[in-house]
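> Please work out how this folds:
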Amino acid sequence: MGHLYRSLTLADALVRMGEDVHFLINAHEPSLQILKSRGHAHATVDLAPEAGGWETEAVRRLRASAWINDRLDTTAAHVGRVKAMGLPVVTFDDRGSGAAQSDLNVAALVFDPEEVARLQGVRVLTGVDHLVLNPAIARFRRARAQLGSVLVTLGGADTYGATVKVVRLLQDQPWQVTVVLGPAFAHHEALAEVMPRHFEVRHGVASMAEEMARHDLAVTGGGMTPFEANAAGLPCLVVANELFEIPVGQTLERMGGCRFAGHHAAINASVFRLPLDIAGMSTRAMASVGLDGVQRVATAVRELVRP
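As a prediction, this is how the structure comes out:
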């Protein structure tokens with residue numbers, strides 16, 4: 001779901017710049033409902049590699065002038081079919097074989113120097129200055145001074161059910177805890193077995209920025225969410241849901257607004273018992289994560305179409 005939310009933020013920026021945006025997405029009902037609610041034009045396609053060939057018809061039907069992939073990895077065959085139609089290709093966090101043919105590779109979540117050196121594309125944008133964060137966060141930015149309320153949000157799907165483990169570890173803490181579940185969360189039965197009655201549970205909040213504003217600390221995954229939280233002044237405990245999120249969590253800890261709790265399979269209660277300098281973390285968070293990245297990326301995309 002993180003790919004979809006990032007795409008929506010970029011799409012909104014491009015629309016504000018006068019561009020038309022059309023989403024092509026697999027048949028994932030929660031994602032389709034979000035697109036409908038946000039009013040973006042969209043169509044479903046089969047994104048499986050063996051189903052390739054649909055790109056040519058899509059480019060002709062939509063009269064597209066640029067192609068943006070926000071998928072985990074792309075193939076050379078897929079990007080080659082788009083490039084053959086004369087379109088520039090943009091890709092995000094792409095380690096697939098298609099990245100080498102892309103015109104713009106935005107990899108703001110890649111921090112390992114050796115991995116950065118392996119990124120491919122005509123132009124590669126890295127670093128937190130190119131994070132596509134929702135500019136609406138600015139309205140809810142504030143410094144935190146003490147810890148009283150905790151938000152738990154571990155992704156739109158939470159593939160491995162890390163929320164269940166985190167809730168169990170937080171049961172005895174003296175904080176007010178709110179658990180936000182994403183639209184594709186599928187571990188309801190296991191969560192119900194460990195959920196204390198005094199914890200608040202919310203489903204699919206309309207504005208995560210507004211929800212974050214209610215809290216003093218967030219427990220998040222290692223994707224875009226901790227950067228959104230830090231930009232709003234909200235310190236985080238970061239749990240890596242995937243192995244590639246480990247260097248992200250370690251980098252966030254060095255930036256000063258987060259503490260890295262480890263991979264979800266190895267976290268334990270000790271990380272939640274250590275004292276936290278909430279005021280210092282909040283100040284460092286706001287100083288290290290800005291909100292201009294989406295405008296930088298949207299401008300770079302537009303320059304491919306209108307040089």
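> State the number of residues packed around the closest residue to Val248 other than its chain neighbours.
Using Cβ to Cβ, 6 or more residues apart in numbering and skipping residues adjacent in sequence, the residue nearest Val248 is Gly222, 4.2 Å away. C-betas here are computed from N, CA, C, even on glycine. Applying other Cβ atoms under 10 Å, we find 31 residues neighbouring Gly222.
> same question, Ser7
Counted with other Cβ under 10 Å, Ser7 comes out at 22.
> Surely it touches Arg71?
No. Checked against Cβ atoms under 8 Å, the pair Ser7 and Arg71 is beyond contact range at 10.0 Å.
> give me the element the residue nearest to Val248 is part of.
Per DSSP states H and E: Gly222 is located in neither a helix nor a strand.
> Quick check, pLDDT for it.
Listed pLDDT for Gly222 reads 94.
> Pretty sure it sits against Glu253.
No. With contacts counted by Cβ under 8 Å, Gly222 stays clear of Glu253, the gap being 10.8 Å.
> shared neighbours, these two?
Applying Cβ atoms under 8 Å, 6 or more residues apart in numbering, one finds that Gly222 and Glu253 are jointly contacted by Val238.
> which residues touch the residue nearest to Val248?
Taking Cβ under 8 Å, 6+ apart as the test, what Gly222 contacts is Val238, Val239, Ala240, Asn241, Glu242, Glu245, Ile246, Val248, Gly249, Leu252.
> show me where the stretch 1-150 of the chain has strands.
With strands called from DSSP state E, counting those that start in this stretch, the stretch 1-150 of the chain shows them at 22-25, 41-44, 67-69, 89-92, 104-107, 123-126, 149-153.
> So in that sheet, which strands flank the fifth one, and in what orientation?
According to DSSP bridges, the neighbouring strands of strand 104-107, each with its direction, are strand 89-92 (parallel), strand 123-126 (parallel).
> Likewise for the second one?
Strand 41-44 has these partner strands in its sheet, going by DSSP bridges: strand 22-25 (parallel).
> For the strand it pairs with, give me every contacting residue.
With Cβ under 8 Å, 6+ apart, strand 22-25 has contacts from 4, 7, 11, 31-32, 35, 40-45, 58, 62, 64.
> And the nearest residue to Ala58 once chain neighbours are set aside, how close does it get to Ile267?
Leaving aside its chain neighbours, Ala58 sits nearest to Leu24 (6.0 Å; criterion: Cβ to Cβ, 6+ apart). Distance, Leu24 to Ile267, using Cβ to Cβ, to the nearest Å: 37 Å.
> And Gly80, by the same measure?
42 Å.
> what's the answer for Ile34, then?
29 Å.
> OK, contacts around Gln146?
Asp216, Ile278, Ala279.
> Go ahead and confirm the first one touches Ser149.
What it means is Asp216. Yes. Under the criterion of Cβ under 8 Å, Asp216 makes contact with Ser149 at 5.2 Å.
> who has more neighbours, these two?
Asp216 (22 against 16).
> Can you give me every residue that contacts the more buried one?
With Cβ under 8 Å, 6+ apart, Asp216 has these contacts: Arg144, Gln146, Leu147, Gly148, Ser149, Val150, Leu234, Pro235, Ile278.
> now swap in Asn134 and tell me
Going by Cβ under 8 Å, 6+ apart, the list of residues near Asn134 reads Thr9, Ala209, Glu228, Leu291, Val294.
> Quick check: the two most widely separated of those?
The span of the contacts of Asn134, defined through Cβ to Cβ, is set by Ala209 and Val294 at 13.3 Å.
> what ranges do the helices span in the stretch 1-150 of the chain?
2-16, 29-38, 54-62, 76-83, 113-118 (DSSP state H, counting those that start in this stretch).
> Those into a markdown table, with extra columns for mean pLDDT and distance to Cys258?
Listed next are the helices of the stretch 1-150 of the chain as a markdown table, based on pLDDT from 0 to 100; distance: least, Cβ to Cβ, whole Å:
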| stretch | mean pLDDT | distance to Cys258 |
| --- | --- | --- |
| helix 2-16 | 92 | 17 |
| helix 29-38 | 88 | 27 |
| helix 54-62 | 90 | 39 |
| helix 76-83 | 94 | 34 |
| helix 113-118 | 90 | 20 |
